[in-house]
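Participant: Next one to model:
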Amino acid sequence: MKISTAIILFAVCTHFWSFTQSYDSKKQWDLLNNGGENERIDAAKKLSIYYQSESLDSLRIVGETLFFFGIDNHYQPAIEFGKITLAEFYVMNGRINDGIVMAKATLPRLQERGDMTLLTDVCKIIASGYRKLDDGNSSMLWAQKAITYNKDNPESKDKTEGLISLAEAYLLQHKEKLAIETYENYISKASKSKDYRGLSSAYARLGDIYRISEKFSLAEKFFKLSYQMARKTNLTSPKAHALNNLAIVYFEKGDTTNARLHFQKALTLRESVNDVKSVSESLYNMGDYHFYIEQYSKALYWYQRSTDLAKKNGLLKEEKDGLLAMAQVYKEMKQFDESTRHLEKALAISSDLKLQQSADDEDLTNLQHEIWRTDFEEYKTAEIRKETSFWNDVLLIVAAALAITVVLLFIRLNKTKTT
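Facilitator: Sure, this is the predicted structure:
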């Protein structure tokens, strides 16, 4: 079963959340593409937070748009935040080490001007990167740095930034009790600021912790709280994820009636906004539901719908998953020829996936080289300025020394004449 717990581990709990709960993405895209310098950056910040759960590809477009605007107009703040957004995308997209390096490269300038908000966000990106690499110690270190920067940030009111990164680091170190306490601390603070989206994510994560521990009653309780908070936002993704999570925990408890009902609700919600990838996931989960209760014909129906939708929209991974699931069903039905045929199709898609991944990697590498080139040019410009400043200082000193020498000689000559 495909589990999609709504966990926003990067910029969750920043002061932009209140905006995203009454969100107008079209307006922000217009500002990003046509606004003034500061308006573009502000729009990019809001869009990047929105798309962390709604659309990863759009997050990349936001970062690239702002970064290249900064390059074309020689506007350093746009270049800087574009890099931060792209670093976040790289981490979330699987190019984790590249994203960590890119994020760390922005720290010196942020520290120089004391930008506590962005320092906090960058540290959370790095902590999340190390979490994905299963490096608990490094993840803990950067989570604590994020919390420290946030404490010194006068713009942060509820002081929740960095807590989720810390909780995830505890989980990575198998300190479940401390992780739960940290999430509860976050919930206590976020409730005061009515950060509904962040609360939905935190409750979902607690629910998933208890689900993995097979404490299904507690998992159900927190998934319900997640759904309650999600309903207070106007965002589809958190609501659909919460319903999907509830369906999974109902299924694992053996309550198949409620499981099917909530899978269907999540599917309907995702279809209403044409979230194709998530719709494919919901169709797949409906197939899983029927497979595990041994209704194989109905399982094939839902798996086929998931596969067809994925194929129509170029979602190779989802198409491959659907084919493998159907192969398993045919195997259970003793239809081995059909099972083999679907396995062969899945293998063929695996080759296409590798080619697509290779093309994507090349594209991302080219983008990374462009960022490195910018960093190099910025470094060389700074070196030239530094060298120019040094020689200007030398010339000023020499000129001053010459002027003093001339004055002293002139005074001495006057004294000689007088004598």
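Participant: drop to CA atoms for contacts and neighbour counts, all remaining ones
Facilitator: OK.
Participant: and residue 65, how many neighbours does it have?
Facilitator: By other Cα atoms under 10 Å, 17 other residues sit near residue 65.
Participant: and it, what does it touch?
Facilitator: Residues near residue 65 by Cα atoms under 8 Å, 6 or more residues apart in numbering: 32-33, 82.
Participant: Which one of these is nearest to residue 49?
Facilitator: Nearest to residue 49 out of those is residue 82 (Cα to Cα; 13.1 Å).
Participant: ok, the closest one to residue 63 distance?
Facilitator: 4 Å (Cα to Cα, to the nearest Å).
Participant: Same question for residue 128.
Facilitator: From residue 128 to residue 63 the distance is 18 Å (Cα to Cα).
Participant: element containing residue 165, please.
Facilitator: Element membership for residue 165 (DSSP states H and E) is helix 163-172.
Participant: any idea which helix or strand comes after that helix?
Facilitator: The helix or strand immediately downstream of helix 163-172 is helix 176-192, counting by DSSP H and E.
Participant: Mind giving me the packing neighbours of the helix holding residue 165?
Facilitator: Packing partners of helix 163-172 (3 or more Cα pairs under 8 Å, 6 or more residues apart in numbering; DSSP states H and E): helix 116-132, helix 136-151, helix 176-192.
Participant: winner for burial among those?
Facilitator: Ranked by mean neighbour count under mean count of other Cα atoms under 10 Å, the helices and strands packed on helix 163-172 are led by helix 116-132, which reaches a mean of 26.
Participant: Dump it to PDB, keeping only the CA atoms.
Facilitator: These are the backbone C-alpha positions of helix 116-132, laid out as PDB (Å, rounded to 0.1, in the frame of the first residue of the first chain):
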ATOM      1  CA  MET A 116      18.300  34.700  11.000                       C
ATOM      2  CA  THR A 117      15.100  33.700   9.000                       C
ATOM      3  CA  LEU A 118      17.000  32.400   6.000                       C
ATOM      4  CA  LEU A 119      19.800  30.900   8.200                       C
ATOM      5  CA  THR A 120      17.100  28.900  10.000                       C
ATOM      6  CA  ASP A 121      15.600  27.700   6.800                       C
ATOM      7  CA  VAL A 122      18.900  26.700   5.200                       C
ATOM      8  CA  CYS A 123      19.900  24.700   8.300                       C
ATOM      9  CA  LYS A 124      16.600  22.900   8.100                       C
ATOM     10  CA  ILE A 125      17.300  22.000   4.500                       C
ATOM     11  CA  ILE A 126      20.700  20.700   5.400                       C
ATOM     12  CA  ALA A 127      19.300  18.700   8.400                       C
ATOM     13  CA  SER A 128      16.600  17.200   6.100                       C
ATOM     14  CA  GLY A 129      19.300  16.200   3.600                       C
ATOM     15  CA  TYR A 130      21.300  14.400   6.300                       C
ATOM     16  CA  ARG A 131      18.100  12.700   7.500                       C
ATOM     17  CA  LYS A 132      17.600  11.300   4.000                       C
END
